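Peer 1: Here's a sequence, model it:
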Amino acid sequence: MLFNRKKYLVTLPETDCHNHLLPKVDDGFDSEAKALSAISTMAEAGVRHIVLTPHVNPEVYPSQNESTLKAAFNAFHNLIPNDWGVQTDLAAEYMIYDGFENRASDPSLLTFSDNSLLMDMSYYYESQNLREVIFQMNLAGRKPILAHPERYVYYSKNLKIFNEIVDMGCRLQLNWMSLTGIYGADSMKILNYLLKNDMYSFICTDLHTTHQLQTILTTKLDKTTITQIEQLKEKMCSKSIRV
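Peer 2: I've put the predicted structure just below:
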């Protein structure tokens with residue numbers, strides 16, 4: 001006889017440091033109204049600090065750079081009511097494109113205040129300069145974070161690559177949506193390996209739409225996974241990015 005395992009709703013941590021809430025700059029929110037609605041919902045769910053991290057990828061968004069994103073953030077930031085009790089800051093999610101390692105010492109990079117730098121790769125192929133980027137960023141005093149490693153499914157047959165990446169000084173960030181299994185079996189294989197071995201340092205929304213937020217807030221997980229996620233949230237609190 002089969003028994004239904006009890007499942008539990010997720011709860012967001014107080015800080016979300018990866019999302020695409022800055023409207024009309026990338027593939028994230030396409031209006032101020034939608035972004036503000038999402039931030040209001042996150043505030044009601046207990047989020048108190050949101051770091052907006054728009055994409056920086058000259059091949060996909062050639063008109064966007066650090067200056068244009070700062071201007072967009074300053075305009076949007078002023079629309080958020082103070083009584084929502086949410087602090088907002090700006091960083092960015094940098095694509096590891098060819099030659100990105102040459103920007104390691106660039107003072108214009110949009111990092112967290114402790115010099116942490118959020119980075120990502122294509123979902124279809126590895127950035128060949130990943131290791132060089134990690135090395136140069138650490139050499140320059142940056143603290144690299146690789147966004148949503150569970151989505152790089154080409155690593156599913158070589159899970160030990162993540163041990164190498166972490167040993168090089170790169171932290172890993174989990175997406176809430178990945179926990180739903182939406183990205184397939186190979187993604188879940190990577191996710192479960194990284195959770196089991198306590199290799200994630202952060203869990204973030206990576207929000208692009210209001211629908212994603214509603215999915216996250218209504219997701220239920222089994223007790224084992226919830227325990228792992230709660231431990232990860234505690235790790236974030238004890239070793240949080242200063243932003």
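
Peer 1: can you map out the helices along this protein?
Peer 2: For the chain, the helices defined by DSSP state H occupy 32-44, 66-77, 130-139, 160-167, 185-196, 210-217, 223-238.

Peer 1: In PDB, please show the C-alpha coordinates belonging to the first one.
Peer 2: Taking C-alpha atoms only, helix 32-44 is exported to PDB below (Å, rounded to 0.1, in the frame of the first residue of the first chain):
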ATOM      1  CA  GLU A  32       7.300  48.800 -13.500                       C
ATOM      2  CA  ALA A  33       3.800  47.800 -12.400                       C
ATOM      3  CA  LYS A  34       4.500  44.100 -12.600                       C
ATOM      4  CA  ALA A  35       7.800  44.400 -10.900                       C
ATOM      5  CA  LEU A  36       6.300  46.500  -8.100                       C
ATOM      6  CA  SER A  37       3.500  44.000  -7.600                       C
ATOM      7  CA  ALA A  38       6.100  41.200  -7.300                       C
ATOM      8  CA  ILE A  39       8.200  43.100  -4.800                       C
ATOM      9  CA  SER A  40       5.000  43.800  -2.800                       C
ATOM     10  CA  THR A  41       4.200  40.100  -2.700                       C
ATOM     11  CA  MET A  42       7.800  39.300  -1.700                       C
ATOM     12  CA  ALA A  43       7.600  41.800   1.100                       C
ATOM     13  CA  GLU A  44       4.400  40.200   2.400                       C
END
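
Peer 1: Just the mean pLDDT for that helix, thanks.
Peer 2: For helix 32-44, the mean per-residue pLDDT is 98.

Peer 1: what does that helix rub up against?
Peer 2: Helix 32-44 is contacted by residues 12, 16, 21-24, 29, 50, 76, 79-80, 84-86, 88, 205, 207, 209-210, 213, 217 when judged by C-beta atoms under 8 Å, 6 or more residues apart in numbering. From N, CA and C alone the C-beta is placed, and that goes for glycine too.

Peer 1: Contacts only, for the residue lying closest to residue 206 once chain neighbours are set aside.
Peer 2: Using C-beta to C-beta, 6 or more residues apart in numbering and skipping the chain neighbours, the partner closest in space to residue 206 is residue 175 (4.6 Å). For residue 175, the contact set (C-beta under 8 Å, 6+ apart) comprises 18, 147, 148, 150, 151, 203, 204, 205, 206.

Peer 1: for the chain, what are the low-confidence residue spans?
Peer 2: For the chain, the stretches with pLDDT under 70 are 1-5, 239-243.

Peer 1: Can you tell me the closest non-neighbouring residue to residue 67?
Peer 2: residue 108 is the one closest to residue 67 (C-beta to C-beta, 6+ apart), at 7.9 Å.
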